[in-house]
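*Asks:* Based on what follows, work out the 3D shape:
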Amino acid sequence: MTDPRCERLAEVIVGYSTAVNSGEKVLIEATDVPPEFTTTLIRRVRAAGGLPFVTTKQNIVLRELFLNSDEEQMRFIGEYELYRMKAMNVYIGVRGWENASEMSDVPTDTMKMVQKLWTNPVHLQHRVRHTRWVVMRFPTPSMAQAAGMSTTAFEDFFFRTCTMDYARMARECEALKQLMERTDKVKIVGPGTELEFSIKGIPVVPCVGHRNLPDGEIFTAPVRDSVHGVITFNTPTIYNGITFENIKLEFEKGRIVSASAGPKTKELNEILDSDEGARYVGEFSLGINPFILHPMKDTLFDEKISGSLHLTPGNAYDAADNGNRSQVHWDMTLIQRPEFGGGEIFFDGECIRRDGLFVPEELQGLNPDRLAAQAE
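*Replies:* Reported below is the predicted structural model:
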């Protein structure tokens, strides 16, 4: 029997996040996901009048494919995947993982080839721009372990977080959106961090359940050459299967001129040297999900942590475009709540968030005590 929480999650995905309409072609791409949930999505899409198409994948199989592919083969795979994606109106990506480090021994050059010939053309250049889409995780024991939780407790957390009242979150975001649209100078301070940049003229986008589940952030981008200073991230992050901790970036005129990550400094700089745009920032965002409070080495969750911000070396999204282009898009998260060292964010000289809590009265509905209560 299907878990009723899965039925509710599928309802959110199809009815709210992607709002599937009659006759629309819907690609369901399920990676390391139980078939019971995939079949639940199929039924829900069909009930909405959509036409479901399905691909199931496994990370352990993808690893073997990557290790045994050359450029000609990967280009063909990318062309095939792009041809199919162009036929779709809606994309639903459900991604579990049994081992978050499955790709850790795939050479960096190979992963760059995969991104250049497959991932970027299919997803960044077409799916993001030309379909209605949502990307989400599916809970696994491995994720629960990374979060330091029992499997049962993690599943309860996951379903509660992914099926909260995102429409209400959207309404609470409006005042922050308007403030960011009026803002020129941003300053971030905290342990190992003193960073300044401009967001003047860059669009502001609230993320409230339409593109990610779980969701809860509001993003823009720095003016490309305006970033100056230093930032130290206190949240572990996994990129290409490699875990990085204590990343420190120094900027001059928008460019990362120094980057360190302890014993992984070499690997960090190899990624930042992927292309010119990888050393510039393509996104700046504030995390606001009241139920996500601790990192779990999964960007889809960690970038939404209440009281956090993230800065993204690499490609800018079209929706908040500062002109930066790169095959890299790497969200790096800094949590500013007191138990993580605290910190402040200033907009045009006014402190708008201190130690993870919004200060202006019109923004306090986004603080976790109020937003969580409203979400019940």
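*Asks:* mind listing what the nearest residue to residue 12 once chain neighbours are set aside touches?
*Replies:* In space, and not counting its chain neighbours, residue 12 is closest to residue 163: 5.4 Å by Cβ to Cβ, 6 or more residues apart in numbering. Bear in mind the C-beta positions are built from the backbone N, C-alpha and C, glycine included. By Cβ atoms under 8 Å, 6 or more residues apart in numbering, the contact set of residue 163 is 5, 8-9, 12.
*Asks:* swap the cut-off to 7 Å and go again
*Replies:* Shown in contact with residue 163 (Cβ atoms under 7 Å, 6 or more residues apart in numbering): 8-9, 12.
*Asks:* Then residue 42?
*Replies:* 28, 52, 54.
*Asks:* By neighbours, which of these wins?
*Replies:* residue 28 (25 neighbours; other Cβ atoms under 10 Å).
*Asks:* my read is that residue is in a strand, agree?
*Replies:* Yes. Residue 28: assigned to a strand according to DSSP: H, G, I helix; E, B strand; the rest coil.
*Asks:* Show me where the stretch 51-200 of the chain has its strands.
*Replies:* Using DSSP state E, counting those that start in this stretch, the strands of the stretch 51-200 of the chain run over 51-57, 90-95, 132-137, 185-190, 193-198.
*Asks:* confidence score at residue 375?
*Replies:* pLDDT for residue 375: 46.
*Asks:* again with residue 99
*Replies:* Looking at residue 99, its pLDDT stands at 85.
*Asks:* who's in contact with it?
*Replies:* The contact partners of residue 99, taken as Cβ under 7 Å, 6+ apart, are residue 142.
*Asks:* before we move on, what about residue 204?
*Replies:* If you count contacts by Cβ under 7 Å, 6+ apart, residue 204 has them with 177, 180-181, 218, 220, 320.
*Asks:* Could you point out which residue ranges in the stretch 251-376 of the chain have low pLDDT?
*Replies:* Residue ranges of the stretch 251-376 of the chain with pLDDT under 70: 374-376.
*Asks:* Which residue ranges of it form strands?
*Replies:* Using DSSP E, counting those that start in this stretch, strands in the stretch 251-376 of the chain cover 255-260, 281-287, 308-313, 332-335, 344-347, 350-354, 357-358.
*Asks:* what sits up against the third one?
*Replies:* When contacts are defined by Cβ under 7 Å, 6+ apart, strand 308-313 is touched by residues 188, 231, 256, 272, 278-279, 281-287, 303, 328-336, 345.
*Asks:* cool, the fourth one as well?
*Replies:* Around strand 332-335, the neighbours that count as contacts under Cβ under 7 Å, 6+ apart are 193, 231, 233-235, 237, 247, 302-303, 305, 307-312.
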